[in-house]
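Student: Fold the following and give me the result.
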Amino acid sequence: MELILSAIAAAGLVGAADQYLCLLLVSIAGKVGWIQLATPMDFLASWWFIAISAVFWLVSLAPAYASLLSPGIMNVINAIQNFLSGFLVPLSSALVALASLGVITSFNPELQQVLESLKIFNPEGNLDANGWAVTGASAMVGLSVTGIKAVLKPVISAATGTTGHLAAPIFVTIENILSIILMVGAYLLTQVEPWLLIVLLAVVLILIVITFIYALTQMFRLKRGIGKVLQYAQTEPKAGLAIVAEFFVWGSGWLAWKGWGRGVLMLLLWVLWVTFFIGMQGLVMAVFAFLPPAIPFISFGAGALMVLLFLSIGLGTSKALMRFVEGQMALPVALKS
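Tutor: Down below sits the predicted model:
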């Protein structure tokens with residue numbers, strides 16, 4: 001049972017990441033001898049399978065990043081690609097589950113006898129009854145996690161204001177970084193205790209649910225905030241413009257309302273952010289000069305994180321200014337009453 005649950009957990013992690021990159025990582029690791037695949041699954045380390053996984057991975061990346069250049073058609077292509085890829089999640093999850101059986105037993109030799117007694121594969125190398133049970137369960141887990149992630153994406157996009165052409169490349173970058181982290185983490189945990197893979201999957205699922213709840217809450221708050229800003233734009237144009245300006249140029253709104261201390265501090269932070277953002281490309285190229293193929297991905301990932309930081313700070317400081325403005329506008333009313 002320990003072996004089966006651990007394999008299913010490893011497949012579930014594929015659902016939380018980029019399935020093609022996960023398969024590619026497993027294949028490359030098997031090819032160079034970093035992991036030992038179960039004999040019937042050693043085809044994963046073949047050059048032809050590595051090539052297919054790499055092609056599928058690149059094809060899945062292209063529309064997302066190309067949406068920066070041509071948002072309209074590329075967003076449609078990316079949506080279609082994501083929809084079609086969803087049908088391959090059960091297969092990729094099952095493959096990783098079966099591959100992880102060999103990985104787990106190679107690091108825990110005492111489980112080798114358990115693997116043989118389970119009769120996952122018959123003497124011809126085909127799946128036996130227990131093998132079909134493992135693949136079916138892993139496919140369901142992987143598909144379920146993928147479904148949760150698919151629901152989570154638009155909610156986060158709406159909450160962070162990245163529903164436009166930025167959403168696709170940001171999520172693709174995060175998924176690929178997460179794929180590497182999860183697969184390396186799963187690899188290391190198999191050396192310690194296979195049951196820890198189940199714990200890792202549980203932690204990932206909990207984090208996904210927490211992120212979903214947080215994003216949903218932020219989306220409703222953002223909706224209310226936008227409504228207030230639009231109301232101020234009609235009734236108190238100065239307040240509305242100051243709040244909008246604060247979002248894009250931190251400190252400018254506070255200075256307009258004579259909040260000199262906070263205004264100057266936020267403006268300095270904004271200047272620092274702009275300076276770092278402009279110089280970031282050169283910094284990434286200098287640090288990762290030893291790995292040129294990775295520079296475009298790392299550069300875009302760093303840029304996406306900087307944009308998310310900008311949006312987060314902009315929303316925070318403009319929200320604080322809105323509360324301050326509300327207090328200032330309520331003060332004369334209180335004095336009159």
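Student: Tell me, how many residues neighbour Gly185?
Tutor: Using other Cβ atoms under 10 Å, Gly185 has 16 other residues around it. Placement of C-beta: from N, CA and C, glycine included.
Student: likewise Gly282?
Tutor: 10.
Student: ok, it to Gly253 distance?
Tutor: According to Cβ to Cβ, to the nearest Å, Gly282 and Gly253 sit 31 Å apart.
Student: Could you do Ala16 as well?
Tutor: 39 Å.
Student: More neighbours: these two, which one.
Tutor: The neighbour count for Ala16 versus Gly253, taken as other Cβ under 10 Å, is higher for Gly253 (28 against 23).
Student: Give me the nearest residue to the more buried one, chain neighbours excluded.
Tutor: In this structure, Gly253 finds its nearest non-sequential neighbour in Glu246, 2.9 Å apart by Cβ to Cβ, 6 or more residues apart in numbering.
Student: immediately after the helix or strand harbouring the one you found, which helix or strand?
Tutor: Using DSSP states H and E, Glu246 maps to helix 237-248. Per DSSP H and E, helix 237-248 leads on to helix 252-256 as the next helix or strand towards the C-terminus.
Student: what packs against that next one?
Tutor: helix 237-248, helix 260-287, helix 295-336 (3 or more Cβ pairs under 8 Å, 6 or more residues apart in numbering; DSSP states H and E).
Student: Can you redo those helices as CSV, where the extra columns are distance to Gly12?
Tutor: Listed next are the helices and strands packed on helix 252-256 as CSV, based on distance: least, Cβ to Cβ, whole Å:
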stretch, distance to Gly12
helix 237-248, 39
helix 260-287, 32
helix 295-336, 24
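Student: Compare those helices and give me the one nearest Ala54.
Tutor: helix 295-336 (14.2 Å; Cβ to Cβ).
Student: quick one, helices of the protein?
Tutor: Secondary structure of the chain, counting by DSSP state H: helices at 2-15, 19-31, 47-66, 71-86, 89-107, 112-118, 129-160, 167-192, 195-235, 237-248, 252-256, 260-287, 295-336.
Student: just those: most buried one?
Tutor: Per-stretch averages of neighbours, counted by mean count of other Cβ atoms under 10 Å, single out helix 2-15 among those, with a mean of 26.
Student: Might you calculate how far stretch 306-316 sits from the centre of the chain?
Tutor: 17 Å (Cα atoms, centre = their mean, to the nearest Å).
Student: How about stretch 96-106?
Tutor: Distance, centroid of stretch 96-106 to centroid of chain: 25 Å (Cα atoms, centre = their mean).
Student: Pull it out as CSV, backbone CA atoms only.
Tutor: Taking Å, rounded to 0.1, in the frame of the first residue of the first chain, the C-alpha atoms of stretch 96-106 are listed here in CSV:
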residue,chain,number,x,y,z
VAL,A,96,4.8,9.1,-13.9
ALA,A,97,3.0,6.8,-11.3
LEU,A,98,4.4,3.6,-12.9
ALA,A,99,7.8,5.2,-13.5
SER,A,100,8.0,6.3,-9.8
LEU,A,101,7.6,2.6,-8.7
GLY,A,102,11.0,1.9,-10.0
VAL,A,103,12.4,5.1,-8.6
ILE,A,104,11.0,4.4,-5.1
THR,A,105,12.3,0.8,-5.0
SER,A,106,15.7,1.8,-6.2
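Student: now that stretch: mean pLDDT?
Tutor: The predicted model assigns stretch 96-106 a mean pLDDT of 74.
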